[in-house]
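[1] Fold the following, please.
(4 chains)
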Number of protein chains: 2
Amino acid sequence: MNIGDVADRAGLPAKTIRYYEEIGLITPARAENGYRRFSARDLHKLAFLKRARALGFSVEECRHLLALYEDQGRASADVKALAQEHLARIDAKLEELAQMRRTLAELIESCAGDHRPDCPILADLAAQEATSAKAGGR
Amino acid sequence: MNIGDVADRAGLPAKTIRYYEEIGLITPARAENGYRRFSARDLHKLAFLKRARALGFSVEECRHLLALYEDQGRASADVKALAQEHLARIDAKLEELAQMRRTLAELIESCAGDHRPDCPILADLAAQEATSAKAGGR
DNA sequence: TCTTGACCTTCCAGTTGCGGGAGGGATTAT
DNA sequence: ATAATCCCTCCCGCAACTGGAAGGTCAAGA
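    Coordinates of the predicted model:
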């Protein structure tokens, strides 16, 4: 299969597939004309990568997951640990976003949103709480 | 004030402040020796930027917010609209992350996490659902 | 046969929002 | 005088691609 075919089947842009080859996630064979020739295993790996990326794993984590996947002697504990670390990062991100959301929603609610210039959103952003670390200028 | 002072007071790295100048968010004066000289207004703007960035606004949105802030004739509706767009993006991101979290948590729970190689996480990642767009290879 | 169009190739640049570090000048403290 | 601490500019790097330029290849139609 050429790159266009695997791109369609794996649901990934050809550019992304070339990039994955460049960073060593896959190593497709080459035809005599220089075209990449993808095996079923390559396609399989690309599908794996797509799914793992969709779950938010970084490309480096994907590399690790792929290595575990191909290692018949792996321990499922290693996979689980990787997934748990990732889950923890997702939770941290969720909390951060939720905090932003709360603040932003409050501000939006307090804003009249009309033709007048008075705006609690801008007022909040401009609120200079004196939380400066160092006192005394020069 | 020199850059180190404003950095401390605004709670932003000097690098970031230079970057903000480079992209035209602030335009501090220059002393004869070439050092940036920050006014109270510059400091105020930097604090504004820090707060807006902390709420997740992109730098370009910050530019817009800053312009609205400085425009005495603004309509609060414009600010509110900007904030609402941003809120919508946060909500989208939250939902995406929550979906990832659900899937990942399920997988983690179903994985024994011991010395054996069998792993539902890897099995799921490798699951090749035949959702390919185009049929028929070459 | 020629040409068109759809493929494929490589390489380079851009994206976001900075951080690190080199290499050098200015200022302040000892 | 000299060392320490500022400050300056410039350029590279990060993640994970995406877009585009310039050109080679292949199958089909006039």
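[2] is stretch A:85-103 up against chain B anywhere?
    Yes - with CB under 8 Å from any CB of the partner chain as the criterion, chain B is reached by stretch A:85-103 at A:His86, A:Leu87, A:Ile90, A:Asp91, A:Lys93, A:Leu94, A:Leu97, A:Ala98, A:Met100, A:Arg101, A:Thr103. All C-beta atoms are positioned from the backbone trio N, CA, C, and that covers glycine.
[3] tell me the SS of the second one?
    For A:Leu87, the reduced secondary structure class is helix; criterion used: DSSP: H, G, I helix; E, B strand; the rest coil.
[4] who's in contact with it?
    Counting by CB atoms under 8 Å, 6 or more residues apart in numbering or on different chains, A:Leu87 makes contact with B:Arg101, B:Leu104, B:Ala105, B:Ile108.
[5] Just the buried ones from these?
    B:Arg101, B:Leu104, B:Ile108 (16 or more other CB atoms under 10 Å in any protein chain shown).
[6] How about the contacts made by the second one?
    Residues counted as contacts of B:Leu104 (CB under 8 Å, 6+ apart) are A:Leu55, A:Gly56, A:Ala83, A:His86, A:Leu87, A:Ile90.
[7] tell me which of these is nearest to DNA strand C?
    For those, the minimum distance to DNA strand C (CB to the nearest atom of the strand) is 17.0 Å, reached by A:Gly56.
[8] what helix or strand does that closest one sit in?
    Following DSSP states H and E, one finds A:Gly56 outside all helices and strands.
[9] okay but A:Ala10 is in contact with A:Asp42, surely?
    No - with contacts counted by CB atoms under 8 Å, A:Ala10 stays clear of A:Asp42, the gap being 9.1 Å.
[10] Between those two, which contacts overlap?
    With CB under 8 Å, 6+ apart, A:Ala10 and A:Asp42 have no common neighbours.
[11] Now for the most centrally placed residue in chain A: which residues touch it?
    Centroid-nearest residue in chain A: A:Gly56, 4.6 Å away (criterion: CA atoms, centre = their mean). Counting by CB under 8 Å, 6+ apart, A:Gly56 makes contact with A:His86, A:Ile90, B:Leu97, B:Met100, B:Leu104.
[12] can you do 6 Å?
    B:Met100 (CB atoms under 6 Å, 6 or more residues apart in numbering or on different chains).
[13] now, which of the residues of stretch A:85-103 next to chain B sits nearest A:Cys62?
    Taking CB to CB as the measure, A:His86 is the one of the residues of stretch A:85-103 next to chain B closest to A:Cys62, at 10.7 Å.
[14] With adjacent residues omitted, what lies nearest to the closest one?
    A:Phe57 (5.9 Å; CB to CB, 6 or more residues apart in numbering or on different chains).
[15] What is the burial count for that neighbour?
    Residues lying near A:Phe57 (other CB atoms under 10 Å in any protein chain shown) number 23.
[16] phi, psi of it?
    The phi/psi pair for A:Phe57 (degrees, to the nearest 10) reads phi -70, psi 140.
[17] Could you report the distance from it to B:Arg63?
    The spacing between A:Phe57 and B:Arg63, counted by CB to CB, to the nearest Å, is 33 Å.
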